[in-house]
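Asker: what shape does this take:
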Amino acid sequence: MSVTDVRRCFSGQVAIVTGGSAGIGRDVCTRLAARGARLAIVGRDAGRLERARQESIARGAGPDDVLTLRLDVRDESDMDEMAARSRERFGRIDILVHSAGMLRPAGAGLMRLDQTPPEIWDEVVRTNLRGTYLANRAVLPAMIEQRAGDILNLSSKSGRRGLAFDGPYCASKFGVIGLTEAIAEEVKSFGVRVQVLCPGTFETGVWGQAGPLPRPGNLPPSSRVADAIVFLLSLPRDACIPSPDVEPVCSLAETGWRGGARGGGRSGGRVEIAP
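Answerer: Below is the predicted model of the structure:
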């Protein structure tokens, strides 16, 4: 594929990226901007949103082709506003990359389920699962009307194999996979493709919420996950990879991460990324 072909890969398409102000979401924004997409970047921090906007413009987006939206995925009215303002600005919605999520609330430590207060459970599930539901629900009417669209939701390897002391996170990410698969079946006849990606352990902002767990070294950056997301969105419209994993090539056992075990339970395709 030539440089020109890469640049035009998403030319003119309108992409909403939740959690787009940092981490994986911001990396997705810069990659889509470099490929010609118009962007609605959704986040909760005004300063981070502006930095993401400037980075997207630096990668090739026009100043008028980047809309920043300071909104909360947990709020129904905010997600409805996200869809409405994106359509008002750009006239359509072609892509939703839903990457907003959390491991645990700030200050919350490792807890068994019997030690987990309901408010912590609710905050994690509201962000990760309710947020996915609300964001998908908000954009689907536009995509169904167009009879075309792409949704990619971000789950986790913890959505396949439960991890001790993070029950709320695992439950919510298992839920994201099931919800995505259900939506995909509901809307495929309208020309809307709905996919889910399950990242393994990469160098992302989630480590700021990991508490006392040992932090692995030598991990690939979050941009590797963004590369996988763009690859999935670039597939021909009549194809998808069902619920793929994306993992580092390096062994987590070698980094000191406890267990170092790979997956278990259900598994779709796997894409391995080198550091």
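Asker: going along the chain, name the strands of the protein.
Answerer: Under the criterion DSSP state E, the chain contains strands at 14-18, 38-43, 66-70, 95-98, 149-154, 192-199, 245-248, 270-273.
Asker: closest to residue 86 out of the ones you listed?
Answerer: Closest to residue 86 of the strands of the chain, according to CB to CB: strand 38-43, at 4.3 Å. In this view, the C-beta of every residue, glycine as well, is placed from N, C-alpha and C.
Asker: show me what that closest one packs onto, helices and strands only.
Answerer: For strand 38-43, the contact count by 3 or more CB pairs under 8 Å, 6 or more residues apart in numbering; DSSP states H and E identifies strand 14-18, helix 23-34, helix 46-58, strand 66-70, helix 76-90 as packing neighbours.
Asker: direction included, what does it pair up with?
Answerer: Sheet pairing of strand 38-43 (DSSP bridges) gives strand 14-18 (parallel), strand 66-70 (parallel).
Asker: and the direction of it versus that of helix 23-34, what angle?
Answerer: Put simply, strand 38-43 runs at 170 degrees to helix 23-34, going by axes from the mean of the first three to the mean of the last three CA atoms, to 10 degrees.
Asker: which residues sit against strand 38-43?
Answerer: 12-22, 25, 29, 32-33, 49, 52-53, 56, 61, 65-71, 73, 82, 85-86, 89-90, 100 (CB atoms under 8 Å, 6 or more residues apart in numbering).
Asker: let's see 6 Å
Answerer: The list of residues contacting strand 38-43 from outside it, by CB atoms under 6 Å, 6 or more residues apart in numbering, reads 14-18, 20-21, 29, 49, 52, 56, 65-69, 71, 82, 86, 90.
Asker: so what's the closest residue to residue 235 other than its chain neighbours scoring on pLDDT?
Answerer: Leaving out its chain neighbours, the residue that sits closest to residue 235 by CB to CB, 6 or more residues apart in numbering is residue 241, at 7.3 Å. Residue 241 is assigned 92 on the pLDDT scale.
Asker: burial check on residue 38, number of neighbours?
Answerer: 26 (other CB atoms under 10 Å).
Asker: separation between the closest residue to residue 93 other than its chain neighbours and residue 199?
Answerer: Counting by CB to CB, 6+ apart, residue 93 lies nearest to residue 142, which is 4.4 Å off, once chain neighbours are set aside. Residue 142 is 27 Å from residue 199, where distance means CB to CB, to the nearest Å.
Asker: any low-confidence regions in the stretch 101-250 of the chain?
Answerer: 202-217, 250 (pLDDT under 70).
Asker: can you rerun that using 90?
Answerer: The stretch 101-250 of the chain contains residues with pLDDT under 90 at 103-111, 157-159, 161, 163, 166, 200-222, 237, 242, 246-250.
Asker: from residue 86, how far off is residue 143?
Answerer: 12 Å.
Asker: if we can go back for a sec, could you check how far the residue nearest to residue 235 is from residue 176?
Answerer: From residue 241 across to residue 176, the span is 16 Å (CB to CB).
Asker: just to revisit the earlier point, I figured the residue nearest to residue 93 was touching residue 95, is that so?
Answerer: No. In this structure residue 142 lies outside contact range of residue 95 using CB atoms under 6 Å: 11.2 Å.
Asker: how about the contacts made by the residue nearest the centre of the chain?
Answerer: Most central in the chain under CA atoms, centre = their mean is residue 99, positioned 2.2 Å from the mean C-alpha point. Contacts of residue 99 were listed using CB under 6 Å, 6+ apart, and they are 19, 24, 25, 154.
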